[in-house]
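[1] can't give you the sequence, but here's the structure:
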């Protein structure tokens, strides 16, 4: 039996091996040197102020190591950094997946539950309970780690605490700046809001310094509880947020459930920030002291920032839900006010007419309010007040059907006039805007989930234009202010009968073009030819109207290599029907290139 001899190592191969060993030794020296210096100097620090100075030195050394990393001196570290970066992106994708909106759920398709936020909520709740139970032992344990284990681990833990506090303060400052800008526009640039904010911040810091830290934790939980109660009044329309998981399966979650989960996650995260900020003085009201005096004062500021953030979040969700008004999806009950004259005689012609129309309206599902004075309840038509723009002056009906036609026709005329005036004002406001990116606006006043007109920009453009933290920019006047609630419910009933979820308004169309399209939509509705089709708009000058039905298809995750793999998976359990109003350019290809709804309708940025 002949044994194979090992290949001899050539001088060139030996040189490469020695060079590789040298690179490894150099990389180890570059990493071990700063750590050894940190372990030698760290235990000599007296308080967290010195730790902060050490942190500045670590930052400078990290910048120098970054230069060495880019120069290729540390290949193993570069590979490890790339792996960690990819794992971090994967975790972020799982915690904040890209959802698509399904305004029209498709029946008969099984829906896989999406519990993305359940694990983070439970984790943060458990962390808050553990930190509250430990209290001051958290920082006592850090000191023990510093003296007996490793100063590097101690500094890493302290930096994580500082980072959590700093993020809450910076995010609170960003949100306060946005809020103060809106208030300043409403008050004409008055300095009063800024002065009151500064005074409130100072008083809040004094109150937190006097009271035990448990009061700050209790304040966050109470504000979150009140905000959660407001979410119990969410409309019950079956809107869905859809996405695909890593295996390409369709996942969906009702909008109401998603908003409640997001609110709970925010409250739990802020609770963790307050608990860890107030851990040294959770049960005793004493001022921050050494060796964590800097951390204590920073914790007071972070606690106040968390309380403010929780309040702003509750106010934001309240504006979104708007529990004081009836949602625009609720069917409108038309209301007739019969203004009775105090001087009329019994058995007169006027009384007989009022009695007839009272009975006819009630039989047709109307709410009738017979009163000499204007009722507190909102109404749509008034009988007996000729000077009012919403008056109803009937002629003698031929029969019952003719009477029903008269009152219904008058309702349509009045409500459509009110909608046209409000819509025209909103359209003129949109003309004065200066949007960044996109080709038009998305209009859906009958969907409570969208509080105003948004732009059809791509996700990257939307992030640059308005920031990823505040969601899509709203243009013009919000729907709640631009339209009367009853007008929104009326036009919503028409759009739902026509099976239109979103209306896209291209920048090139004019108000006259929109009026022509609305006229066709009203005609199709009145003649009972719903759902509306593209052929109904054939012959309209200057405009091209396209009906686009979009499946609730979110961006495929990176784990799915090809589109064919997605086509073999579950069907998305919902879609959106969009009415595109564009300028007629003579060729169909130019219209298809616009594709405005592909980005504007899909990704909800609400929270």
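    Now that the structure is in, tell me what you want to look at. The structure displayed is predicted, hence computed values, not measured ones.
[2] so, low pLDDT: which residues of the stretch 1-150 of the chain?
    Applying pLDDT under 70 to the stretch 1-150 of the chain flags the ranges 1-15, 17-18, 21-23, 93-97, 107-112.
[3] at 80 what do you get?
    Scanning the stretch 1-150 of the chain for pLDDT under 80 picks out 1-34, 42-43, 65-79, 81, 88-102, 104-120, 134-136.
[4] show me where it has helices.
    Counting by DSSP state H, counting those that start in this stretch, the stretch 1-150 of the chain has helices at residues 11-41, 48-70, 75-95, 118-134, 137-148.
[5] report the buried residues of the fourth one.
    Read it as helix 118-134. 120, 121, 124, 125, 127, 128, 131, 132, 134 (16 or more other C-beta atoms under 10 Å). Bear in mind the C-beta positions are built from the backbone N, C-alpha and C, glycine included.
[6] just checking, what packs against it?
    Under the contact criterion of 3 or more C-beta pairs under 8 Å, 6 or more residues apart in numbering; DSSP states H and E, helix 118-134 touches helix 255-277.
[7] the helix it packs on: how far from the chain's middle?
    How far helix 255-277 lies from its chain's middle: 14 Å, per C-alpha atoms, centre = their mean, to the nearest Å.
[8] so what secondary structure elements neighbour the following helix or strand past it?
    Per DSSP states H and E, the first helix or strand lying C-terminal to helix 255-277 is helix 293-321. With contacts taken as 3+ C-beta pairs under 8 Å, 6+ apart, helix 293-321 sits against helix 48-70, helix 151-186, helix 192-210, helix 213-231, helix 255-277.
[9] what is the nearest of the buried residues of helix 118-134 to residue 57?
    Taking C-beta to C-beta as the measure, residue 57 lies nearest residue 131 of the buried residues of helix 118-134, at 29.0 Å.
[10] tell me who's in contact with the nearest residue to the closest one once chain neighbours are set aside.
    Distances taken as C-beta to C-beta, 6 or more residues apart in numbering place residue 275 nearest to residue 131, at 4.5 Å, with adjacent residues excluded. Residue 275 sits next to 128, 131, 132, 213, 217, 282 when contact means C-beta atoms under 8 Å, 6 or more residues apart in numbering.
[11] just flag the most distant two among those.
    So, the contacts of residue 275 by C-beta to C-beta: farthest apart are 128 and 213, at 12.7 Å.
[12] tell me where the stretch 301-450 of the chain has helices.
    Under DSSP H, counting those that start in this stretch, the stretch 301-450 of the chain gives helices at 349-363, 400-431.
[13] those: lowest mean pLDDT?
    Mean pLDDT values for the helices of the stretch 301-450 of the chain show the minimum at helix 349-363, a mean of 81.
[14] got any ranges where the stretch 151-300 of the chain has weak pLDDT?
    182-190, 230-238, 243-251, 284-290.
[15] what's the distance between the closest residue to residue 143 other than its chain neighbours and residue 140?
    Sequence neighbours aside, residue 291 is the residue nearest to residue 143 in space, at 7.1 Å (criterion: C-beta to C-beta, 6+ apart). The gap separating residue 291 from residue 140 is 11 Å, by C-beta to C-beta, to the nearest Å.
[16] do the same with residue 496
    Using C-beta to C-beta, residue 496 is found at 62 Å from residue 140.
[17] which one of the two is surrounded by more residues?
    Remark: of residue 496 and residue 140, residue 496 carries more neighbours, 16 against 13, as counted by other C-beta atoms under 10 Å.
[18] residues near residue 328, how many?
    Residue 328 - counted by other C-beta under 10 Å - has 27 other residues nearby.
[19] right, and it touches residue 487 too?
    No. If you go by C-beta atoms under 8 Å, residue 328 and residue 487 don't touch, sitting 9.4 Å apart.
[20] follow-up on the earlier one: now the helices and strands packed on helix 293-321 as TSV including distance to residue 519?
    Listed next are those as TSV, based on distance: least, C-beta to C-beta, whole Å:
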stretch	distance to residue 519
helix 48-70	63
helix 151-186	36
helix 192-210	45
helix 213-231	40
helix 255-277	33
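[21] tell me the most buried of those helices?
    helix 255-277 (a mean of 23; mean count of other C-beta atoms under 10 Å).
[22] could you give the angle of that helix to helix 137-148?
    60 degrees (axes from the mean of the first three to the mean of the last three C-alpha atoms, to 10 degrees).
[23] format the buried residues of helix 118-134 as a markdown table; extra columns: distance to residue 574.
    Formatted as a markdown table, those follow (distance: C-beta to C-beta, whole Å):
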| residue | distance to residue 574 |
| --- | --- |
| 120 | 25 |
| 121 | 25 |
| 124 | 30 |
| 125 | 31 |
| 127 | 35 |
| 128 | 35 |
| 131 | 40 |
| 132 | 41 |
| 134 | 45 |
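[24] which residues in the stretch 351-500 of the chain form strands?
    367-371, 381-383, 440-443, 453-455, 474-475 (DSSP state E, counting those that start in this stretch).
[25] so which of those is the most packed in?
    When you average the neighbours per residue for each of these (mean count of other C-beta under 10 Å), strand 453-455 leads with a mean of 25.
[26] distance between that one and the chain's centre?
    Centre-to-centre, strand 453-455 and its host chain are 13 Å apart (C-alpha atoms, centre = their mean).
[27] mind putting the contacts of residue 275 in TSV, distance to residue 577 included?
    Listed next are the contacts of residue 275 as TSV, based on distance: C-beta to C-beta, whole Å:
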residue	distance to residue 577
128	44
131	49
132	50
213	53
217	47
282	54
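[28] how near is residue 473 to residue 488?
    Taking C-beta to C-beta, one finds residue 473 at 21 Å from residue 488.
[29] what about the two, which has more around it?
    residue 488 (26 against 18).
[30] circling back: from the contacts of residue 275, which single one is nearest residue 55?
    Closest to residue 55, out of all of the contacts of residue 275 and judged by C-beta to C-beta, is residue 131, at 22.3 Å.
[31] and the closest one, what is it in contact with?
    Contacts of residue 131 (C-beta under 8 Å, 6+ apart): 138, 272, 275, 276, 279.
[32] I'd like to know how far the residue nearest to residue 131 sits from residue 434.
    From residue 275 to residue 434 the distance is 44 Å (C-beta to C-beta).
[33] what's the answer for residue 548, then?
    27 Å.
[34] more neighbours: which of the two?
    Using other C-beta under 10 Å as the criterion, residue 548 and residue 434 rank with residue 548 on top: 18 against 5.
[35] ok so the more buried one is a strand residue?
    Yes. Judged by DSSP: H, G, I helix; E, B strand; the rest coil, residue 548 forms part of a strand.
[36] ramachandran coordinates for the nearest residue to it once chain neighbours are set aside?
    Closest residue to residue 548 apart from its sequence neighbours, by C-beta to C-beta, 6+ apart: residue 578 at 4.6 Å. Here is the backbone geometry of residue 578 (degrees, to the nearest 10): phi -120, psi 140.
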